[in-house]
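**Q** What would the 3D arrangement of this be:
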Amino acid sequence: MGSTKPLRLIQHKKEALWFYSFISFGYDHVFNPGQYTEDMRDISLEHARLHSRALKVVDVGGGTGFTTLGVVRYVDPENVTLLDQSPHQLDKARKKKALRGIKIMEGDAEDLPFPTDTFDRYVSAGSIEYWPDPQRGIREAYRVLSADGVACMIGPVRPTFWLSRFFADMWMLFPTEEEYIEWFERAGFKDVELTRIGPKWYRGARRHGLVIGCCVTGIKTQSGDSPLQLSHPPKRSTVLHPDGA
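**A** Okay, the predicted model is just below:
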């Protein structure tokens, strides 16, 4: 008999959209500070190799622009695109003075609205945990990058302690470190590296897990689509705006 798939209450596009319509009001000041700090963001972006202000960068699932604020410290705003499915989160991003000049748009991380070989850098933080099909999302990351482009994925890691793992699986996707590496390599990325990150208050064993727990990077060595061909089409989730639109 096959194993039962975890429920994962908000690892679905519609449910995640509703969730963020509520937490967007206090996301930057209440939720983020305890789980995904500026220090964690800056350490992760060092691995993204943002060494030129002329780089074309996309921040996928960027929400209120917390990670994008780190990107524009190294890259000119007119070269940066912020994409998210939540209009409520994006409204918060539009109000940030430092993000004036960037392109802000709604979109699906698993079906990106960009041509192949568009960007020099792909960044995504705190988004993969809501993707119904993470392998497809990472495949899309590969596709939209140009040759020698770098993808930087920042996300949670599955807890090892059984009780923490039980509650994590009820909530959203917590990949293992091995799954991150496998997904990147299957998509075609080379030189895949995983770096553990965590807030300064978190010390000791990582058995209980964190909402943000690692940074994974990979390099696209040649132009074109991903060598990974998926037999199944993108999962089409009916995404309704919480206000009914």
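**Q** Could you list the low-confidence segments of the protein?
**A** Regions of the chain meeting the criterion pLDDT under 70 cover residues 1-34, 161-171, 201-211, 233-245.
**Q** which residues pair with the residue nearest in space to the middle of it across the strands?
**A** The C-alpha lying nearest the average C-alpha coordinate of the chain belongs to S124 (C-alpha atoms, centre = their mean; 3.1 Å). Taking DSSP bridges, one finds M153 as the beta-bridge partners of S124.
**Q** Could you report the separation of it from Q85?
**A** For S124, the distance to Q85 under the criterion C-beta to C-beta, to the nearest Å works out to 13 Å. Backbone N, C-alpha and C define where each C-beta goes, glycine included.
**Q** for this structure, what spans make up the strands?
**A** Applying DSSP state E to the chain gives strands spanning 57-60, 80-84, 103-106, 119-125, 145-157, 190-196, 210-220.
**Q** Let's have the ones you listed in TSV, adding distance to P134.
**A** Listed next are those as TSV, based on distance: least, C-beta to C-beta, whole Å:
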stretch	distance to P134
strand 57-60	12
strand 80-84	17
strand 103-106	20
strand 119-125	11
strand 145-157	9
strand 190-196	15
strand 210-220	11
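**Q** just to revisit the earlier point, between S124 and Q85, what contacts are shared?
**A** Each of G61, A109 lies in contact with both S124 and Q85 under the rule C-beta atoms under 8 Å, 6 or more residues apart in numbering.
**Q** nearest spatial neighbour of T118, skipping sequence neighbours?
**A** Ranked by C-beta to C-beta, 6 or more residues apart in numbering and with sequence neighbours excluded, the top spatial neighbour of T118 is V144, at 5.0 Å.
**Q** D133: neighbouring residues, count only.
**A** When neighbours are counted by other C-beta atoms under 10 Å, D133 registers 16.
**Q** Now do the contacts for the residue nearest to T118.
**A** Taking C-beta under 8 Å, 6+ apart as the contact definition, V144 lies against V58, L112, F114, P115, T116, D117, T118, F119, Y122.
**Q** Report the separation between the closest residue to T37 other than its chain neighbours and E38.
**A** Setting aside the residues directly before and after it, T37 is nearest to P199 in space (C-beta to C-beta, 6+ apart), at 4.9 Å. Shown here: P199 relative to E38, a distance of 10 Å by C-beta to C-beta.
**Q** With T221 instead?
**A** Between T221 and E38 the distance is 32 Å, computed by C-beta to C-beta.
**Q** just the helices in the protein please.
**A** Shown for the chain, the helices assigned by DSSP state H span residues 13-23, 32-35, 38-47, 66-71, 87-94, 134-144, 162-171, 177-187.
**Q** Could you pull out the buried residues of the third one?
**A** Neighbour-count burial for helix 38-47, with 16 or more other C-beta atoms under 10 Å as criterion, is recorded at M40, R41, S44, L45, H47.
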